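Undergrad: Show me how the following folds:
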Amino acid sequence: MLLNFNGEVALSEWLAEEERPRLLNVRTASGVPQTLEVMIEPVGNDYLLFGELNAVEQEHLSREVLELNHELSNLTREFAQSNAELQLVNSKLEQSQLQLLQSEKMAAIGQLAAGVAHEINNPIGFVNSNLGALKGYVEEFIFLIDAYERYADANGTATDQALQAVREKVDIAFLRDDVVALLGESRDGLERVRKIVQDLRDFSRIDSPDWQEADLNAGMESTLNVVWAELKYKAEVVKRYGELPPVRCHLGQINQVFMNLLLNAAQAIEGQGKITLSSGVEGLWAWVSVEDTGNGMTPAVMKRIFEPFFTTKPVGKGTGLGLSLAYDMVKKHGGRIDVTSEPGQGTCFQVWLPVAGPETPPA
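TA: Okay, here's the model as predicted:
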């Protein structure tokens, strides 16, 4: 409230006059001029002024308060509506990102399909070959058993000579050793197929809602088996895993992060190179790194590698979404990805994740 004096009487003199009601010209916050009758009461070196607005101004102020309350109510409704719309947009965005993750996963599986088929066909091929050999061995065993049954009740030198001839024909010593070896090879081959299929199943669980206490080293090994056909002709893989505590995470998504980093490392290497896989823990954080001896990156490229659709690969060789999605998935876990690179020296991606998981896991 602004107090306006006419300037003819000094304020000190005006206040020092005998105690009586005084008139003040005031202008309220609404801009309405008023003459206010006040009483003055000294308080130490200061003065308190007491007075009331007239009924017109009180009514005007009440009307202003009602208008402001009405405007506030409208703004509250608009805010609630905007908030609901924002939640809907966020929900649609999460669904779109999940679909994008699924599409990227399917694109990766398509890229790996030929290599995985080769990795499965190799053991299946020699298991099939072993089964053919085992069929012949079983037939010879049956032939030998039949011979023993045929001469079981006969005695004499002729019988012994006939059985010896059958044994030499069958080569029982060789069969005894080779049957065990073929069964062992076949079992190993089938175990390789089972492991590849299990790793593919683990990798395909990208859209599973389950958060779990997971072994990141095992996740990296599982992913490495899935992409092995893409790596084994390009690089030597060196493993330097440290001991890690169980990390609360969505392992299917973290496996996809590992896959993107492994494939990028292989593609960055021209000719033959080396990929080093490391892991460790520092305080409340676990980390896993993928380091390659590839071409490396310039600072200008490093600034953009996590941008959607940015890629340095030839047309048709990449979507430019791999690292962008990996960055988003790690961020949702409350983690981060550190990158170091030197042109011509190689690149290292280091994924950091909180051991306890994000403070508020995404739905």
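Undergrad: Quick one: residues contacting Glu270.
TA: Applying CB atoms under 8 Å, 6 or more residues apart in numbering, one finds that Glu270 lies in contact with Gly294, Asn295. Any C-beta I mention is one placed from the backbone N, CA and C, and that applies to glycine too.
Undergrad: Does it belong to a helix, a strand or coil?
TA: coil (DSSP: H, G, I helix; E, B strand; the rest coil).
Undergrad: tally of neighbours for Glu346?
TA: Careful, residue 346 is Gly and not Glu. Counted by other CB atoms under 10 Å, the residues lying close to Gly346 total 22.
Undergrad: Show the contacting residues for Val127.
TA: Glu185, Ser186, Gly189, Leu190.
Undergrad: quick one: the last one from Tyr137, how far?
TA: Looking back up the chat, that one is Leu190. 19 Å (CB to CB, to the nearest Å).
Undergrad: related to what we said a few turns ago, buried subset of the contacts of Val127 as a ChimeraX selection?
TA: Buried subset of those, written as a ChimeraX selection, criterion 16 or more other CB atoms under 10 Å:
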select :186,189
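Undergrad: residue ranges of the strands in the stretch 251-363 of the chain, please?
TA: Using DSSP state E, counting those that start in this stretch, the strands of the stretch 251-363 of the chain run over 273-282, 285-292, 336-342, 346-354.
Undergrad: now, among the contacts of Val127, which is nearest to Thr347?
TA: Gly189 (35.9 Å; CB to CB).
Undergrad: and that closest one, that's in a helix?
TA: Yes: checked against three-state DSSP, Gly189 lies within a helix.
Undergrad: Quick check, it in contact with Asn121.
TA: No: counting by CB atoms under 8 Å, Gly189 does not reach Asn121; the two are 10.7 Å apart.
Undergrad: circling back to that earlier point, specify which member of the contacts of Val127 is nearest to Asn74.
TA: Leu190 (71.1 Å).
Undergrad: Report the separation between the closest one and Ala80.
TA: The gap separating Leu190 from Ala80 is 61 Å, by CB to CB.
Undergrad: what number of residues lie near the residue nearest to Leu353 when sequence neighbours are not counted?
TA: The shortest distance from Leu353 to any non-neighbouring residue, by CB to CB, 6 or more residues apart in numbering, is to Gly335 (4.1 Å). Neighbour count of Gly335, defined by other CB under 10 Å: 22.
Undergrad: show me what contacts Gly335?
TA: By CB under 8 Å, 6+ apart, the neighbours of Gly335 are Trp285, Val351, Trp352, Leu353, Pro354.
Undergrad: For the residue nearest to Glu185 when sequence neighbours are not counted, give me its contacts.
TA: Once flanking residues are discounted, Glu185 sits nearest to Asn130: 5.8 Å by CB to CB, 6+ apart. Going by CB under 8 Å, 6+ apart, Asn130 touches Leu182, Leu183, Glu185, Ser186, Gly189.
Undergrad: Please tabulate those in a markdown table, including the columns distance to Ala266 and pLDDT.
TA: A markdown table is the format used below for these (distance: CB to CB, whole Å; pLDDT from 0 to 100):
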| residue | distance to Ala266 | pLDDT |
| --- | --- | --- |
| Leu182 | 35 | 83 |
| Leu183 | 36 | 84 |
| Glu185 | 29 | 84 |
| Ser186 | 31 | 85 |
| Gly189 | 25 | 82 |
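Undergrad: And Ser91, how far from Phe79?
TA: Taking CB to CB, one finds Ser91 at 19 Å from Phe79.
Undergrad: ok, back up a step: what is the nearest of the contacts of Val127 to Ala229?
TA: Using CB to CB, these come closest to Ala229 at Gly189, 16.2 Å.
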